[in-house]
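S.K.: structure for this input, please:
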Amino acid sequence: MRLNRQRHCLMVVSVLVMFFISGLSWARDTDSVLHNRLMLPELIQEALARNPELVAARKQWEAATNRILQARSLEDPTLSVQFWNSPQSFNVTRSDNTIIGLSQSFPFPGKRALKGDVAGRSADMTEQAVRAKERELIARLKQAYYELFLAQKAVQIHHEQVEVLRQFVEIANAKFRAGKGSQADVLKAHVELSLLFQHRPVLEQRRETAEAMLNTLLDRDTASPLGIAQEPSQLPLDQPIDDLHRLALNDRPEIKAAELDVQRNEQSHALALRQYYPDFNVAVQRFQNYQANDGFGAYVAMSIPFAFWTKPKYDAGVQEAAAGVAVARAQQHTIENITRFQINDLLAKLRAIDQVATLYRTTILPQGEQSLEAARVGYRSGKAGVLDLIEAQRAWQGFQLEYFKALVDRQQRLAELEQVVGITLDRQS
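M.R.: Numbers count the residues shown, from 1 in each chain. Got it, this is the predicted structure:
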C-alpha cells in the first residue's frame, strides 16, 4: 500500500512537472508573438512585392513588351560595294567600274502594323498571365495563412485542455484525500493528461510546417519567426451568383487572356492574307568609273508571292491561321464554361460550410461547454464519474477544433472563389 502511494505521488509530480514545462514554453511562445500579430493585408503586399515566381512573371511581361518595337521595325539596310571589270587580279583600285550601294527592304503597307499588333496582343496576354499569377499567389497565401491559424489554434486549445485536465487531477486528488473518491479516478485523470502531452509534438510539427509554407511564399527563410494569425470572421457573401458570373467574365485574367488570344489569332490571320502582297527592295547607288565620268543609279525590286510555284505555301499559312482562330475561340468558350461551373461549385461549398460553422457557433459549442460544466459539477458532487468528465472534456475539445476547421475551410474556399472571379470578395483582406 505504501509502495502504491509512493508510485502515485511520483506520477503526480512527473505530470505536474510536464505541465509546468509545457506551460512555461507556451507562455514564452505567446509573449514573443503577441506584439507581432500577423496581418493578412500586409502579408499580401509583401508577397506581391517579393515572391520570386511573380518577379519572374513580371520580367516575362517586360520581355514580351520589348518585342512589339522589334516586330514593327524595318529590316536592317544593306551596304554593298561592287568591283567590275578589274584588269588586274586583286587590284580593286584599277577596276573599270566601282558601285557603292545602299538598299532597304520595305514590306507591303500594313504588314509591319499587323506584326506589331500580334506582338502587342502577345504582350497583353503575358500581362494577364502576371495578373493571374498575382491572384493565384494571393489565394495560396490566404490558404497558408489560415492553415497557420488553425495550427496555432490547435496548439492553443491543447494547452487549454491541459489546464482543464490539471483541474480534473486536482479535483480527483481532493476527493481521494477526503475519502470521497477512488485512486482509480486519480489514475484515469493522470493517464488522460499524459495522452494530451503525447499529442503536442504532432501539433507543433503542423504549426512549423504551416509557418515554413507561409515564409516560402513570402520569400523569407523557412525558419523565420511569425506572429499569431488572426481569427477569420464569418462575414456573409452577399453577391448573387449571376453577379459573380458577370464579374468573372469581366475581370478574371484567364478569360481576358483568352479574349486576347482570339484577337491575336485574328490578326495573325489578317497578316497571313497580307502575305499574298509583294514586298519591295529599294536601292541607291554611286558609280565610280575608271578614266570616265562618275554617276548615280537606283533600282526597285519586288517579290512575286503569287507565282504558281510559291502560292501554295501562303494558302497553307492562311488555313493555319484560320484554324488558330477557331482553336482560340473554342478555348475561350471552354474557360468561360469552366469558370461558371467553378463559381457554382465553390458557392455551394461555401454555403454548406457556412451552415456547419453557424451550427457549431450557435448550438454545438454552447451545448458542449454546458455539458463540460455539468460534468464538472456532477463529479464534484459525486453524481457523475471521472469518465463522464473526461468524455465531456474530449467532446468539448473536438467541437472547438471542428468549428475552427470549418472557419478555415470557408476562408480557403473563399480564396479559391476570389481567384476564379478575379477580384477580392473578403472585406477582411
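S.K.: roughly how far is the helix or strand hosting Glu416 from the heart of the chain?
M.R.: Glu416 is located in helix 386-421, with elements delineated by DSSP states H and E. Between the centre of helix 386-421 and the centre of its chain there are 24 Å (CA atoms, centre = their mean, to the nearest Å).
S.K.: in it, which residues are buried?
M.R.: 386, 388-390, 392-393, 395-397, 399-400, 403-421 (16 or more other CB atoms under 10 Å). The C-beta positions use only the backbone N, C-alpha and C, and glycine is treated the same way.
S.K.: quick one, the longest helix belonging to the chain and helix 386-421 angle?
M.R.: Identified as the longest helix of the chain according to DSSP state H is helix 111-177. Helix 111-177 runs at 170 degrees relative to helix 386-421, counting by axes from the mean of the first three to the mean of the last three CA atoms, to 10 degrees.
S.K.: which helices and strands sit right next to helix 111-177?
M.R.: Applying 3 or more CB pairs under 8 Å, 6 or more residues apart in numbering; DSSP states H and E, one finds that helix 111-177 contacts helix 2-34, helix 40-50, helix 52-72, helix 183-217, helix 253-274, helix 365-381, helix 386-421.
S.K.: now the angle from the fifth one to helix 386-421?
M.R.: Just to be clear, that refers to helix 253-274. 30 degrees.
S.K.: okay, the helices and strands packed on helix 111-177 in a markdown table with mean pLDDT and distance to Arg351 next?
M.R.: Listed next are the helices and strands packed on helix 111-177 as a markdown table, based on pLDDT from 0 to 100; distance: least, CB to CB, whole Å:
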| stretch | mean pLDDT | distance to Arg351 |
| --- | --- | --- |
| helix 2-34 | 45 | 34 |
| helix 40-50 | 93 | 23 |
| helix 52-72 | 95 | 32 |
| helix 183-217 | 83 | 27 |
| helix 253-274 | 96 | 24 |
| helix 365-381 | 84 | 20 |
| helix 386-421 | 90 | 10 |
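S.K.: any idea how many residues pack against Ala384?
M.R.: By other CB atoms under 10 Å, the residues close to Ala384 number 17.
S.K.: contacts only, for the closest residue to it other than its chain neighbours.
M.R.: Spatial nearest neighbour of Ala384, excluding adjacent residues (CB to CB, 6 or more residues apart in numbering): Gly378 at 3.2 Å. Residues near Gly378 by CB atoms under 8 Å, 6 or more residues apart in numbering: 384, 388-389.
S.K.: do the same with Gln167
M.R.: Counting by CB under 8 Å, 6+ apart, Gln167 has contacts Arg376.
S.K.: what distance do you get for it to Leu389?
M.R.: As judged by CB to CB, to the nearest Å, Gln167 and Leu389 stand 10 Å apart.
S.K.: shared neighbours of these two, anything?
M.R.: Contact criterion CB under 8 Å, 6+ apart; residues shared by Gln167 and Leu389: Arg376.
S.K.: low-confidence regions, the stretch 101-250 of the chain specifically.
M.R.: Applying pLDDT under 70 to the stretch 101-250 of the chain picks out residues 176, 180-182, 185-186, 189.
S.K.: can we see that at 50?
M.R.: Across the stretch 101-250 of the chain, nothing is flagged by pLDDT under 50.
S.K.: so Phe106 makes contact with Pro278?
M.R.: No: look at Phe106 against Pro278 with CB atoms under 8 Å: they stay out of range, at 10.2 Å.
S.K.: so which residues of the stretch 201-350 of the chain form strands?
M.R.: 280-289, 295-302 (DSSP state E, counting those that start in this stretch).
S.K.: now these in CSV, with distance to Glu53?
M.R.: What follows is the strands of the stretch 201-350 of the chain, written out as CSV (distance: least, CB to CB, whole Å):
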stretch, distance to Glu53
strand 280-289, 46
strand 295-302, 49
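S.K.: deepest of the ones you listed, which one?
M.R.: Among those, ranked by average contacts under mean count of other CB atoms under 10 Å, first place goes to strand 280-289 (a mean of 15).
S.K.: you'd agree Val81 is in a strand?
M.R.: Yes: per DSSP: H, G, I helix; E, B strand; the rest coil, Val81 lies within a strand segment.
S.K.: dump the residue contacts of it.
M.R.: Applying CB under 8 Å, 6+ apart, the residues near Val81 are 98-101.
S.K.: farthest residue from the center of the chain?
M.R.: The centre of the chain is farthest from one residue, Gln291, which by CA atoms, centre = their mean lies 77.4 Å away.
S.K.: quick one: that one from Gly101, how far?
M.R.: Applying CB to CB to Gln291 and Gly101 gives a distance of 22 Å.
S.K.: over to Gln60?
M.R.: Separation of Gln60 from Gly101 (CB to CB): 41 Å.
S.K.: and which of the contacts of Gly378 is nearest Pro52?
M.R.: Minimum distance to Pro52 across these is 52.5 Å, recorded for Leu389 (CB to CB).
S.K.: ok so, going back, of all the strands of the stretch 201-350 of the chain, which one is nearest Ser224?
M.R.: Closest among the strands of the stretch 201-350 of the chain, using CB to CB: strand 280-289, at 62.4 Å.
S.K.: mind listing residues that contact that closest one?
M.R.: Under CB under 8 Å, 6+ apart, the answer for strand 280-289 is 78, 96-108, 294-303.
S.K.: residues touching Glu266, list them.
M.R.: Per CB under 8 Å, 6+ apart, neighbours of Glu266: Val325.
S.K.: measure it to Val325 for me?
M.R.: 6 Å.
S.K.: Phe296 now?
M.R.: In this view, Phe296 and Val325 are 48 Å apart by CB to CB.
S.K.: could you check how far the residue farthest from the centre of the chain is from Val81?
M.R.: Separation of Gln291 from Val81 (CB to CB) stands at 20 Å.
S.K.: all set now, cheers.
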